[in-house]
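>>> Take a look and give me a structure for this.
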Amino acid sequence: MGARFPRERRLRDGRDYRRLSQAPGRVSTSAFVCLHAAARPETPDAAPRERLGVTVSRRVGSAVVRNRVKRQLREWFRQRHPVAGPPLDLVVIARSRAGGMTRRELRSELGRLGREIDRRRNHR
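Have a look, this model is predicted:
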């Protein structure tokens, strides 16, 4: 996969964000909140893979800090190997604590988030 984050792996529509905000699946850590839903509306162009939406507000830090957090989130998602099951749409919201974390701390926190998502996915 190239250096860009492909369009088919991104949540781009506000309807998707609203759908996920009302979904029951929610996982949180000290630095992130993840909204997820296993059931994706069936459309002819729907990609059969997981998709990611990222929300990083100004509370997290300056533009440089927010962009660093977003890059780490996208990289985590690219490298993520989810357990078997239906594809998930994920929205990850960064909390203000994420802005002060080192790269190693962010990776650790995102690993914890991914394990919790997969654990809950297996128990459905």
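
>>> Residue 80 is in contact with residue 50, isn't it?
Yes. Contact criterion Cβ atoms under 8 Å: residue 80 and residue 50 qualify, at 7.4 Å. C-beta coordinates here come from the backbone N, C-alpha and C atoms, glycine included.

>>> same for the one helix or strand residue 76 maps to, what does it pack against?
Per DSSP states H and E: residue 76 is located in helix 63-79. Counting contacts by 3 or more Cβ pairs under 8 Å, 6 or more residues apart in numbering; DSSP states H and E, helix 63-79 packs against strand 51-56, strand 89-94, helix 103-122.

>>> Would you mind finding the most buried of these?
strand 89-94 (a mean of 23; mean count of other Cβ atoms under 10 Å).

>>> Count the neighbours of residue 86 for me.
12 (other Cβ atoms under 10 Å).

>>> Could you look up the SS state of it?
Three-state call for residue 86 (DSSP: H, G, I helix; E, B strand; the rest coil): coil.

>>> can you pull the pLDDT of it?
Per-residue pLDDT puts residue 86 at 72.

>>> try residue 39
61.

>>> Check the one 4 residues further on too.
Looking at residue 43, its pLDDT reads 57.

>>> Just want the most central residue of the chain.
residue 92 (3.8 Å; Cα atoms, centre = their mean).

>>> Is residue 18 in a helix, a strand, or coil?
When classified by three-state DSSP, residue 18 comes out as helix.

>>> one step back: for the residue nearest to the centre of the chain, give me its contacts.
Residue 92 is in contact with 32-34, 52-55, 73, 113, counting by Cβ atoms under 8 Å, 6 or more residues apart in numbering.

>>> Mean pLDDT added to the helices and strands packed on helix 63-79, as CSV?
Below are these laid out as CSV (pLDDT from 0 to 100):
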stretch, mean pLDDT
strand 51-56, 92
strand 89-94, 91
helix 103-122, 88
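
>>> Make a markdown table out of the ones you listed and add distance to residue 27.
Output for these, formatted as a markdown table (distance: least, Cβ to Cβ, whole Å):
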| stretch | distance to residue 27 |
| --- | --- |
| strand 51-56 | 14 |
| strand 89-94 | 9 |
| helix 103-122 | 5 |
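
>>> Many thanks, I have nothing further to ask.
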